[in-house]
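quick one, structure for this:
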Amino acid sequence: MAGPRPVRAPRGNQPGARGWQQEAALRMLQNNLDPEVAEHPDKLVVYGGTGKAARDWDSFDAMVRTLTTLGPDETMLVQSGRPVGVMQTHEWAPRVLIANSNLVGDWATWEEFRRLEALGLTMYGQMTAGSWIYIGTQGILQGTYETFAAVAAKLSRENKHSGGTLAGTLTLTAGLGGMGGAQPLAVTMNDGVALCVECDPSRIERRLEHGYLDVKADSLEHALRLATEARDARRPLSVGVLGNAAELVPRLLAEGAPIDIVTDQTSAHDPLAYLPLGVDFADMAAYAAEKPADFTARARESMARHVEAMVGFQDAGAEVFDYGNSIRGEARLAGYARAFDFPGFVPAYIRPLFSEGKGPFRWAALSGDPKDIAATDRAILDLFPGNESLARWIRLAGERVRFQGLPARICWLGYGERDRAGERFNDMVASGELAAPLVIGRDHLDCGSVASPYRETEAMRDGSDAIADWPLLNAMVNVASGASWVSLHHGGGVGMGRSLHAGQVTVADGTALAGEKIRRVLTNDPGMGVIRHVDAGYERAEEIAAERGVRVPMRENAESGPA
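This is a model prediction of the structure:
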């Protein structure tokens, strides 16, 4: 069938391809475009405004055909969503190698990218969209949960709020798309109240349907009343309100709204995905297509208004942070001088975790059976009995997270933990405890896989924010370690010219070979985070390396060699 059509990954324990490594890639490609998962599946857009799983429908069909017939010693090469070749390799090599959106430095601009995209030569892969390991809004939920937990801990340390949760606080944010849609549930899982602005009515309805958002308000006044009543009662609640953030956030500031925390997760990384002031949402797509330069200028001016209000809330005493969508950078391009007065979430809250090799570890059940995820949840609790934060997340996720597409789970695990979980999962497949193999991957937003000066590598201690060797090394070490498929992308959630990032997925199919690959990949991949932060001078990373035997040549004594 040519052109747009509903796509859904097969379920069950029988592969249609020539092996589970190929079948896993096939099912995850299809799962990314499941209507339950993708934001705009007819356009092949998975999330992030323009992040696609395939360049066009002909390319999608060609990838499906190729994966179905791919041998156990062959590798399919994918260039920005289009399969361009199959090479004979070996059983330890990845079955798929993916490169998305990569442009030479001086050409790495939105304008040049869009020119090439219009010629059919590239696509925007975002992060997990073009690497086929997006698992719906849950994929960002746990990282968002961890971030807000860190915010709560900071507020408690500073005696601004007590108890170590967000109880009694009101968070203002915007954006309820595939990434931003995780915010309301992450806040309420931390016992707080969230007021979420969104310009697309369908995104509000989708979050209500999936249980990520509690209620839709009739107006801004109604939203603020519901939110403040819940905050005063220390009752978790998330409220969505339809409107333009560039209008409503400044209004709330001007009215003196009692906001404690402010962030944002609109698609600001791409100015053509941010609604300018004075433009109706119904007219947005046509205007962006017909007059992209004019639209971009107006969008950036609106972002400057939005960011100016966020700075205003910070001046008034609120906790304010950028959640990684480049809105500060876009506002600065519009001429707002104070755009970077508030920090990004990584240097503010997450970098200590990155120094330990911790990051978003995720897995999906190829059987399609939720019982497989319940079994792996129990395995995680058994493996890490002393980690109460992890246990609380797993319990809450089991109770409150609705699966989208293939059942999946995510949690943050670090160096020395991911390999243990992966090997246990592989043993569970081998013993028949799980109905079919699992895919094990992660977000590209991880401890050692990104160079992104506006997000993951913002404000590195040694000034190495823009050094992009690290994601290249990460991709290469995952290829060398036996990952099932590996990807290297440009742009991600912050836009062209601002990020390089790598991803890996490894299949637990119950075989001894899979176990060997898992042990290497899930040790070396987070190990990149440890060595990256050792190199940048973080003491905690140095402690982890010393404690757990991570070799760092520049820290080894010439006489004694490795410890």
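
next, the buried residues of stretch 26-39.
Leu26, Arg27, Met28, Leu29, Gln30, Asn31, Asn32, Leu33, Asp34, Val37, Ala38, Glu39 (16 or more other C-beta atoms under 10 Å). The C-beta positions use only the backbone N, C-alpha and C, and glycine is treated the same way.

kindly report the same for stretch 120-127.
Buried, per 16+ other C-beta under 10 Å, within stretch 120-127: Thr122, Met123, Tyr124, Gly125, Gln126, Met127.

over to stretch 213-226?
Here stretch 213-226 shows Leu213, Asp214, Val215, Lys216, Ala217, Leu220, Ala223, Leu224, Leu226 as buried, counting by 16+ other C-beta under 10 Å.

which residues are contacting that stretch?
176, 181, 184-185, 188, 195-196, 204-205, 207-208, 237-243, 248, 251-252, 257 (C-beta atoms under 8 Å, 6 or more residues apart in numbering).

now do stretch 55-62, average pLDDT.
With pLDDT averaged residue by residue, stretch 55-62 scores 98.

closest to Glu516 out of the buried residues of stretch 26-39?
Met28 (21.7 Å; C-beta to C-beta).

so who does that closest one touch?
Ala9, Trp132, Ile133, Ala364, Leu406, Val439, Val505.

6 Å - rerun?
Trp132, Val439 (C-beta atoms under 6 Å, 6 or more residues apart in numbering).

longest strand of the protein?
Longest strand in the chain, counting residues (DSSP state E): strand 500-508.

same for the helix or strand following it, what does it pack against?
Using DSSP states H and E, the helix or strand that follows strand 500-508 in sequence is helix 512-535. In terms of contacts (3 or more C-beta pairs under 6 Å, 6 or more residues apart in numbering; DSSP states H and E), helix 512-535 is packed against helix 418-431, helix 469-481, strand 500-508, helix 539-548.

relative to helix 512-535, how tilted is the last one?
Just to be clear, that refers to helix 539-548. 140 degrees (axes from the mean of the first three to the mean of the last three C-alpha atoms, to 10 degrees).

tell me the buried residues in helix 539-548?
So helix 539-548, judged by 16+ other C-beta under 10 Å, has buried residues Arg540, Ala541, Glu542, Ile544, Ala545.

go on, the second one?
Of the residues in helix 469-481, those buried under the neighbour-count criterion (16+ other C-beta under 10 Å) are Trp470, Pro471, Leu473, Asn474, Ala475, Val477, Asn478, Val479, Ser481.

swap in the third one?
By neighbour count, and taking 16+ other C-beta under 10 Å as the criterion, the buried residues in strand 500-508 are Leu500, His501, Ala502, Gly503, Gln504, Val505, Thr506, Val507, Ala508.

the first one contacts Ile467, doesn't it?
No: the pair formed by Leu500 and Ile467 falls short of the contact definition of C-beta atoms under 6 Å, at 10.0 Å.

circling back: show me the two of the buried residues of stretch 26-39 that sit farthest apart.
Leu26 and Glu39 (21.5 Å).

point out where the stretch 301-450 of the chain drops to low pLDDT.
In the prediction, the stretch 301-450 of the chain carries no residues with pLDDT under 70.

hey, where'd the helices end up in it?
Taking DSSP state H, counting those that start in this stretch as the test, the helices found in the stretch 301-450 of the chain are 327-333, 345, 351-355, 370-383, 388-400, 418-431.

okay, Arg157: pLDDT?
88.

residues contacting Gly491?
By C-beta under 6 Å, 6+ apart, the neighbours of Gly491 are Ser101, Ser499.

please disregard the earlier target; I meant Pro15.
Glu23.

in what helix or strand does it lie?
With DSSP H and E as criterion, Pro15 is part of no helix or strand.

give me the low-pLDDT residue ranges for the chain?
Using pLDDT under 70, the flagged stretches of the chain are 1, 558-563.

any chance you could map the helices in the stretch 1-150 of the chain?
Under DSSP H, counting those that start in this stretch, the stretch 1-150 of the chain gives helices at 20-32, 57-69, 110-118, 138-157.

among the ones you listed, which is the most enclosed?
helix 20-32 (a mean of 27; mean count of other C-beta atoms under 10 Å).

mind checking how far that helix is from the chain centre?
19 Å (C-alpha atoms, centre = their mean, to the nearest Å).

just the angle for it relative to helix 512-535, thanks.
Using the same axes, to 10 degrees: helix 20-32 against helix 512-535 is 60 degrees.

now helix 20-32 - C-alpha only, PDB.
Extracted in PDB, the C-alpha atoms of helix 20-32 (Å, rounded to 0.1, in the frame of the first residue of the first chain):
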ATOM      1  CA  TRP A  20      15.100 -11.400  16.200                       C
ATOM      2  CA  GLN A  21      17.800  -8.800  15.800                       C
ATOM      3  CA  GLN A  22      16.200  -7.800  12.400                       C
ATOM      4  CA  GLU A  23      12.700  -8.300  13.700                       C
ATOM      5  CA  ALA A  24      13.300  -6.000  16.700                       C
ATOM      6  CA  ALA A  25      14.400  -3.100  14.400                       C
ATOM      7  CA  LEU A  26      11.400  -3.800  12.100                       C
ATOM      8  CA  ARG A  27       8.900  -3.700  15.000                       C
ATOM      9  CA  MET A  28      10.400  -0.600  16.600                       C
ATOM     10  CA  LEU A  29      10.400   1.300  13.300                       C
ATOM     11  CA  GLN A  30       6.700   0.400  12.900                       C
ATOM     12  CA  ASN A  31       6.000   1.100  16.600                       C
ATOM     13  CA  ASN A  32       7.300   4.600  16.200                       C
END
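
next, the angle from it to helix 57-69.
150 degrees.

about what we covered before: and the longest strand of the chain, what does it pack onto?
For strand 500-508, the packing partners by 3+ C-beta pairs under 6 Å, 6+ apart are helix 20-32, helix 418-431, strand 438-442, helix 469-481, strand 485-490, helix 512-535.

now distance to Asn325 too, for the ones you listed, in JSON lines please.
Formatted as JSON lines, the helices and strands packed on strand 500-508 follow (distance: least, C-beta to C-beta, whole Å):
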{"stretch": "helix 20-32", "distance to Asn325": "21"}
{"stretch": "helix 418-431", "distance to Asn325": "27"}
{"stretch": "strand 438-442", "distance to Asn325": "20"}
{"stretch": "helix 469-481", "distance to Asn325": "19"}
{"stretch": "strand 485-490", "distance to Asn325": "16"}
{"stretch": "helix 512-535", "distance to Asn325": "22"}
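
so how far is Gln138 from Ile440?
15 Å (C-beta to C-beta, to the nearest Å).

equivalent analysis for Ser326, please.
Ser326 is 23 Å from Gln138, by C-beta to C-beta.

one more: Gln14?
For Gln14, the distance to Gln138 - C-beta to C-beta - is 26 Å.

likewise Arg498?
26 Å.

cool, and Leu413?
16 Å.

cool, Glu36 as well?
From Glu36 over to Gln138 (counting by C-beta to C-beta), the distance is 11 Å.

got the contact list for the helix or strand containing Arg251?
According to DSSP H and E, Arg251 maps onto helix 245-254. Residues from elsewhere that reach helix 245-254 (C-beta under 6 Å, 6+ apart): Ala174, Val197, Leu220, Leu277, Ser302, Arg305, His306, Ala309, Gly312, Phe313.

what's the closest non-adjacent residue to the fourth one?
By that I understand Leu277. Closest residue in space to Leu277, ignoring its immediate chain neighbours: Ser302 at 4.6 Å, by C-beta to C-beta, 6 or more residues apart in numbering.

so who does that neighbour touch?
Ala246, Pro276, Leu277.

from these, pick the one nearest Leu381.
Ala246 (43.7 Å).

just give the nearest non-adjacent residue to Tyr538, would you?
Using C-beta to C-beta, 6+ apart, the nearest residue to Tyr538 is Ser355, at 4.5 Å.

ugh, wrong one, I meant Tyr287
Phe295 (5.5 Å).

what's the spacing between that neighbour and Asp280?
13 Å.

these two: which is more packed in?
Phe295 (20 against 10; other C-beta atoms under 10 Å).

my guess is the more buried one meets Ala288, correct?
Yes: at 4.7 Å, Phe295 counts as touching Ala288 under the criterion of C-beta under 6 Å.
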